Every structure is written in C-alpha cells, then in structure tokens.
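In: coords below, sequence missing:
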C-alpha cells in the first residue's frame, strides 16, 4: 500500500507539436509558457540575451550583456534556465547573483513555475507531475517511483534534481544557486559537476563603488566560477548586468578590449537621441518645477509634450517602446504617453548621470563626477518674491551684463545689496534686425552698433545700472564704438578668459585690479577693457543659484541669487537652461591629479555668460561674499569705476595715449 501510494502516473504531453516547436525556438518558448510575463514584443536587448544564453548553452563559451535596469533581465534569466534544461542543452546550470539572497529569489521562482504553470505542466508532465506529487514534502522523494523505477527526484530549498522517468531524457539534470558574497567551490551531485553559469547582476551598489570589492568579484567569476566544471572541462558563462560606473566589473566585462573572451555588448533604453534636445530640456524644466509646486505626476509637462509631440519625437529611436507607465490621473488623463516620454521623465527625476549609467549603460566618466549638481529646475525654483524690475531695497545697486551675438544678444540685470545678495530683476534678448547669412562683416558690425544704441535707451529707462559690462570678444569694433559713443557711463567693454589663460598681473596706472578681473587702458581705442576670469564668474553664478534663497527664518541668505516672480509658468524655463548649459567638472587624471574643466552640455549658454558678466560688474564695485579688512597701501588702493574709469581724459604723450593726471 505504501508502494502504491508513492507511485506516480505520468500522462502523455498535452500538445507534443507545441512542445517541440517551443523547444526549437527559445523566443517562442518564453512567449508561450511565460505569456503572462512576455506579452509584449521583445526588444533588441531582450533578443540578444535570449540568443546568448541559448547559443552558449549549446556550444560553450562566454558572453556578457549590459541591458537597461528594470527591463526584464532577471525574468529572461530564470525562464531561459528552464528552456535550456528542457531542451537538454545543459545538464547542470547554476544561478549566480551578487548575493545569495538574490540568487535564491530566482531559484524559488523557477521552483514555483514548475508547480504553478498549467501549460508547462501539461506539456512536460514527466518533469512537473513528480514535483506536484511531492505536495511540498521533499521527504516523499525517497520512495517516489514510476512503474517501479524510483524517480530520485531532489526538490529542496537549495537544490533541484529532475526525476528519472522511463523514456524521459531529463533524469539526472540539476539546478542550484550561489551568491558572489559567499564561497563557490566543489559543487557536484552524484558525480555531475556544473557546466553552465548564468550570472545575473553580479554587483551590488556597494560592491560597484568599492575600490577593492569589484576586483574580488572578478577573481571569483574568473576563478571559482570558471573552475566549477572541473579541471578538464569548460564552464560556459553568460553575464546579464547593468553598468553602474566606469570602475566596476560590469563595465570591464562588457568592454571587448578589456575582456575579449566575453564578447561584451551594451544596450541602452534610448538607441538614438531626438533631434530637438532643446525642447526636451525645456520639458525637463517644466516637470521639475511643476513637481516642486505639487504636481507630482508632472501633468503640466505632459501637456507640453502633447503640444510639441511631433517635433520632440523626431529622430528618436527607443529600444523598448512598451516601457512606460500605463496610468491615468483622476480625470482620466494619461500620465505618460510613450516610452520616450518615460525616458526623459527619468532624466528629470533621477538625473542624467544615473540615466546614463542604469538605462544607457554608458556611465559618465568617473573623473567628471565632482560637480555642483545644479539643475534647471533648481534655478527656476530660486524665486525672490519680487516682481519684475521691483527693487529689494532703495539703496541697492544695479549691474548688467550683455553677451553679444550676431543675431541675438542676451542680457541680465541684477540688483545687489547686503552681503552679496543678488536678485535677477530682469533679463531679455536684443535682436539685431535684417541680419541675413550673407551680410558682410562690416554690415554686421554696423547693425550691432545700431542695436546696442537702441538698447541703451531701454536699459537706462528703468532701474539704470551703475555699471554694465558688454562682451567684446567676437564683435570688437561695434562694442568699442558703442562704449565711446556712450561716453563710458555706465558701459564698459569686457573680454572673458579661461582660468588657465587669465593672469591678474600687477597694478599700474594703466592696469587696475579687482576680484578675478582687471581693467586695462587701450590708449588707441580710448576705452578701458575689463578682462574677466569667465570660468570663475560662471562658477559664482552656479554656486549662488545653488544657495537657498531664504533661510528658516525667512531671511535672504548671503551670497544667494534669485529670480523675479512671474505669472507665466514658462517664463524662466529658457533662462534656467542657459544657466546650466555649462558645468564645472573636476577630473582626476592619473599622473596629473585633479584637472578642472568646464563642459558645455547645451549650445544655448548666453544668459549664463550675461549673468556671469553682471556678477563680475558687481565684483568691480566691491560686492563680495567676504569683505576684505586688510588696509591696502595708498598706491594699491582700488578706485571706484564711477570716479576713475568712466570718462577718463586722455592726453597724447610719447609712447601713446595715457590718462591725464588730475
């Protein structure tokens, strides 16, 4: 009676044609037996992972694939383990993950699949029925038999051994799992050693960012895992991963130059970037600002996408068009329209750096990780509470910077007071009319001069500045003539230099020194030219926008920079993106140490330049974060531009034009 109770009756497969067709095509296998998971078409990286496991299981060898995080790597891993076992491509695969707990999770899902997937049970009864007959009691395996032949099935929390059934090829095939956080040595069942390792996400965040642990992972995979098959047999290895940084093992193993044996491939969520990245940058700013104002789903940004969808989609190629949230708000409006929008939502929510790593598998250079982290959304959120052209105090001083361009010149007006507290009270664009592409250089200079003269009246009409720096780098003649015709009050020509080319020098009658700026007399031009350390002043713009506008006591923070209030929700979007169009990055280069560079991320950086010049103008007038207390020698005393540098008188002497002594 006990023997009869332990006997298992194996029915024939429900559909042998379906079974054979699925065993001949792994994609069909997954879509048939795993249809509750794989209901969308496979993307290119899905097919690459399926093909890699299928082929390496049969022919041997190694393969490494980096795919976007959260796009089905683990599900493909566990279903492909089932597929290669049932197709008899391997005899003893092992599942390996970064931790034992992670590998056990995959293993448990495989166990549940064999006892819960009705279609798999129906088509592969010789494997699934003996498992079902155990009824969750592994101790029954010792007496279980089919027509008097013991199945010798193993079904424990750590091991699977397929049952021996007369006429079945699956007896003696095994599965187990390991974590790379524990030892992996000496694995075998009844003399059978592993012949295939599927390694899913081998690194945790901690390991990937450790200076030593990711090297230990590499030693384990190239040593312990590679030798699991025994000294005289080859162990096939397939690694499915996501790259976290450029130091980690996942980056190295998918680099065909560093680890050629693994024939690494990297896939990103976005295969080709859209042509109109400027619109997407505007979209990101809208989403970040609207979320800060309580619109958690970013519906304002979605409306912007709807209005500009055709232009924003142009040129873009998304790898998995089905990867987006199919959710709706309480009014029935779609939160995400497609996978392209979902991608840029991630950019807005978690930052470009993490998107490049975890979704694109193209992480930023580690040397460029040291940045201030200013975003367009943060700039747009720095609101002073003042209306446009409203002054914070009666005794504040106004400064202006204007970046000159052939077609458009961008300007920024800042009110300064207190301890270097700045308010952007206005900004705008000066258009140079009738500027065709074939206009002669002389005509360009003349047109720019006329535009500047018209703008002068506008800028002096409301809250006139005490000092205004005008960029003279590209259109020198027009700017110099504008300064001369304006009488030097309050306008002055300026020119920016990178930090490695900027030299303050020594003070002299024709050279006056300021904070990261010096003014030099140009006798033949009869003007003073202000030379700026442009990188320093751009960094000042970023650091001051990074400061919260108000502290906990609702007082303005020293050194802060803020924007005026606007009824138009989109008013500051473009300005904010100009401000973050460049960023300073500190790169550590072996043999050179820390190298500081300014990286331009968007060609539209004109308001950044204009704002930097306005801050430099304020610096000339002594608006500093920390005021100097050391008394200077009389000959080094720093004169104010309003008395010494504006309208200087000139006298012809030997050696050229020099200012006349008063």
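Out: Great, that's in hand. The structure presented is a predicted model; accordingly, all values stated were derived computationally and were not measured. Numbers count the residues shown, from 1 in each chain.
In: what's the distance between residue 525 and residue 450?
Out: Shown here: residue 525 relative to residue 450, a distance of 20 Å by Cβ to Cβ, to the nearest Å. From N, CA and C alone the C-beta is placed, and that goes for glycine too.
In: And residue 618, by the same measure?
Out: Distance of residue 618 to residue 450, given as Cβ to Cβ: 29 Å.
In: Have a look at the two and say which one is more surrounded.
Out: A side-by-side neighbour count of residue 618 and residue 450, using other Cβ atoms under 10 Å, places residue 618 first with 27 against 15.
In: In which helix or strand does the more buried one reside?
Out: Taking DSSP states H and E as the definition, one finds residue 618 inside helix 606-620.
In: Go through that helix and flag the buried ones.
Out: Under the neighbour-count criterion of 16 or more other Cβ atoms under 10 Å, helix 606-620 has 606-620 buried.
In: closest to residue 126 among the residues you listed?
Out: Proximity of these to residue 126 (Cβ to Cβ) peaks at residue 608, which lies at 69.7 Å.
In: ok, that closest one touching residue 577?
Out: No - with contact defined as Cβ atoms under 8 Å, residue 608 does not count as touching residue 577 (9.6 Å).
In: still on that earlier bit, now, among the buried residues of helix 606-620, which is nearest to residue 11?
Out: When these are ranked by distance to residue 11 (Cβ to Cβ), residue 608 comes first, at 73.4 Å.
In: where does the protein have low pLDDT?
Out: 5, 211, 366-372, 435-438, 569, 586-595, 627-662 (pLDDT under 70).
In: quick one, longest helix in it?
Out: When the chain is scanned for its longest helix (criterion: DSSP state H), the result is helix 441-461.
In: which residues of the stretch 201-350 of the chain fall in strands?
Out: 236-241, 265-266, 270-272, 317-318 (DSSP state E, counting those that start in this stretch).
In: Highest mean neighbour count out of those?
Out: Compared across the strands of the stretch 201-350 of the chain, strand 236-241 shows the largest average neighbour count, a mean of 26 (mean count of other Cβ atoms under 10 Å).
In: list the contacts for residue 172?
Out: Residues counted as contacts of residue 172 (Cβ atoms under 8 Å, 6 or more residues apart in numbering) are 91, 161, 162, 164, 190, 192.
In: Excluding chain neighbours, give the residue nearest to the last one in space.
Out: I take that to be residue 192. Spatial nearest neighbour of residue 192, excluding adjacent residues (Cβ to Cβ, 6 or more residues apart in numbering): residue 92 at 5.3 Å.
In: Distance of that neighbour relative to residue 563?
Out: To residue 563, residue 92 is 65 Å away according to Cβ to Cβ.
In: Can you pick out the residue with more neighbours from the two?
Out: Neighbours per residue (other Cβ under 10 Å) separate residue 92 from residue 563, with residue 563 holding more: 24 against 21.
In: dump the residue contacts of residue 107.
Out: With contacts defined as Cβ under 8 Å, 6+ apart, the neighbours of residue 107 are 95, 158, 160, 175, 176, 177.
In: Quick check, the third one in contact with residue 110.
Out: Yes - between residue 160 and residue 110 a contact is recorded at 7.4 Å, counting by Cβ under 8 Å.
In: Quick check: neighbours shared by these two?
Out: Common neighbours of residue 160 and residue 110, using Cβ under 8 Å, 6+ apart, are residue 175.
In: Let me know whether residue 334 touches residue 303 as I believe.
Out: No - checked against Cβ under 8 Å, the pair residue 334 and residue 303 is beyond contact range at 10.8 Å.
In: buried set for the strand or helix carrying residue 410?
Out: Assigning secondary structure by DSSP H and E places residue 410 in strand 408-417. Neighbour counts using 16+ other Cβ under 10 Å place 409, 410, 411, 412, 413, 414, 415, 416, 417 of strand 408-417 among the buried residues.
In: Could you give the separation of whatever helix or strand comes next after it from the chain centroid?
Out: Downstream of strand 408-417, the next assigned helix or strand under DSSP H and E is strand 421-431. With Cα atoms, centre = their mean, to the nearest Å as the basis, strand 421-431 stands 29 Å off its chain's centre.
In: One more: stretch 97-113?
Out: When distances are taken as Cα atoms, centre = their mean, stretch 97-113 is centred 30 Å away from the chain's centroid.
In: ok, now stretch 212-226?
Out: The gap between the average C-alpha position of stretch 212-226 and the chain average comes to 28 Å, counting by Cα atoms, centre = their mean.
In: Which residues does that stretch contact?
Out: Stretch 212-226 is contacted from outside by 96, 98, 180, 183-185, 197, 199, 202-203, 206-208, 235, 237, 239, 247-249, 252-253, using Cβ under 8 Å, 6+ apart.
In: just checking, which of the residues you listed belong to helices?
Out: Judged by DSSP H, the subset of the contacts of stretch 212-226 located in helices is 206, 207, 208, 249, 252, 253.
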